[in-house]
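Peer 1: based on what follows, work out the 3D shape:
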Amino acid sequence: MIAQLRVDDRLIHGQVALVWTKELNTPGIIVANDNAASNDMVQMTLKMATPTGKKLLIRSVDDAIRVFNNPKAKTMRIFALTNNVTDALKIAQAVPDIDGINVANVGRFAEDAKNAHQLSSTIMLTDVELASLKELAALDVPVFNQVVPSNAKTPITSLLKNVDN
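Peer 2: I've put the predicted structure just below:
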């Protein structure tokens, strides 16, 4: 079971490694990202950022979905990471056991960020990503923004109200 699917353009970094892994009390992290799965340098960086004692799996989005849907995964608490909303939507549509989706930090470093829709100080989405977020928000799973556990969870639907249709 996925305890949390976090959308974070940096994947594993200090907040994730030090704060969220403790908060969610998961034995490991699964990064669902096609680029990371095929790039040795990215994999090495993610492994170095993973806290001691935590397991890390780096898989393509499709391979991660197979892992999440494996019957053995139903009894495990999984912290899943992806770096864009479109991949989060694909995962959420294919995996029934997700406690919540945290759209935390996304789009700030994209090449076309200056043309993006800014939903919050940490969420900037292209038209495609915004459309994916609207689909994600319509699914039967809590979708929220929460950068760190001490922040309140802001429902994505309230952030979407501020965006032009």
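
Peer 1: longest strand in this structure, by residue count?
Peer 2: Counting residues, the longest strand in the chain under DSSP state E turns out to be strand 2-8.

Peer 1: show me what the following helix or strand past that strand is packed up against.
Peer 2: Next in sequence after strand 2-8, counting helices and strands by DSSP states H and E, comes helix 14. Contacting helix 14 under the criterion 3 or more Cβ pairs under 8 Å, 6 or more residues apart in numbering; DSSP states H and E is no other helix or strand. Just so you know, the C-beta spots here come from the backbone N, C-alpha and C atoms, and that holds for glycine as well.

Peer 1: when you give positions from now on, start the count at 28
Peer 2: Sure, I'll start numbering at 28, so the last one becomes helix 41.

Peer 1: let me know whether residue 94 touches residue 57 as I believe.
Peer 2: Yes. At 6.3 Å, residue 94 counts as touching residue 57 under the criterion of Cβ atoms under 8 Å.

Peer 1: so the two - more neighbours on which side?
Peer 2: residue 57 (24 against 17; other Cβ atoms under 10 Å).

Peer 1: may I have the helix or strand that one falls within as PDB, with CA atoms only?
Peer 2: Here residue 57, judged by DSSP H and E, is contained in strand 55-59. Extracted in PDB, the C-alpha atoms of strand 55-59 (Å, rounded to 0.1, in the frame of the first residue of the first chain):
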ATOM      1  CA  GLY A  55      11.800   2.400   2.000                       C
ATOM      2  CA  ILE A  56      11.200   4.600  -1.000                       C
ATOM      3  CA  ILE A  57      10.200   3.800  -4.500                       C
ATOM      4  CA  VAL A  58      11.100   6.400  -7.100                       C
ATOM      5  CA  ALA A  59       8.800   6.100 -10.200                       C
END
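
Peer 1: if anything else comes up later, I'll come back, but that's it for now.
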